[in-house]
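Engineer: with the sequence up front, the predicted model follows.
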Amino acid sequence: MAIYNRTRSRGEQFAGKFHVPAYYHDPEELPRREKLDFVDIVTYPFNLSHFVKLVAAHKIPVISQTPMAPSVAIAEENIKACREAGVPYFIHENWRWQTQLRELKKTLKLVFAAYDSARSGNAVRMDRARPSAGENPLQAVKAS
C-alpha cells in the first residue's frame, strides 16, 4: 500500500495518520516502485485523466471517482487507455459531488417544467433560478 500527494508534507502526514507504509510526491515513481493490485485515484476531474493514463500504462487496474472526467471526450480517452492496456477501469460514486449534482437536477427540473408549461400555452416566468424556501418549484416558474 502506498499513497501519492503532490505536496510532500501532506503525503507524510496522511501516511502517518493512516499507517500507510510508503508515500510519494512523484506520481511516476509510485507505480514503478510498488507492486500494486490496483490504484484508487482521488483527485479533481481536471487532473484525473493524467493519472488514469499513467496507472494504465503500468498495467495496473484503475479505480476513479465520479465525475470521471471534465468532458465525454476525455472520459472516452481514459476508457481507451485502460482498454488498450488490458486493465479494468472502475468508477465509484463520490459523495462530495452530490450537492452540486442535486442543485443541477433542481435547475434542470425547473427548466423542463417551464418548457413543458410554455409548450402547453401557459405564460412562464424565468426571472429567478430557484423557488423561495417552501415554494412549490412548479409554481415558481409559472406567471403570477
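Structural biologist: Great, that's in hand.
Engineer: what helix or strand does Arg83 sit in?
Structural biologist: Taking DSSP states H and E as the criterion, Arg83 maps to helix 72-85.
Engineer: what does Leu110 give?
Structural biologist: For Leu110, the host element (DSSP H and E) is helix 98-119.
Engineer: what helices or strands is that helix leaning on?
Structural biologist: Contact here means 3 or more Cβ pairs under 8 Å, 6 or more residues apart in numbering; DSSP states H and E; on that basis helix 98-119 packs against helix 137-141. C-beta: built from backbone N, CA, C; applies to glycine.
Engineer: average pLDDT for the helix it packs on?
Structural biologist: Helix 137-141 carries an average pLDDT of 49.
Engineer: related to what we said a few turns ago, buried ones in the helix holding Arg83?
Structural biologist: Buried residues in helix 72-85, counted by 16 or more other Cβ atoms under 10 Å: 74-75, 78-79, 81-82, 85.
Engineer: ok, now stretch 105-121?
Structural biologist: By neighbour count with 16+ other Cβ under 10 Å, stretch 105-121 contains the buried residues 110, 113-114, 117.
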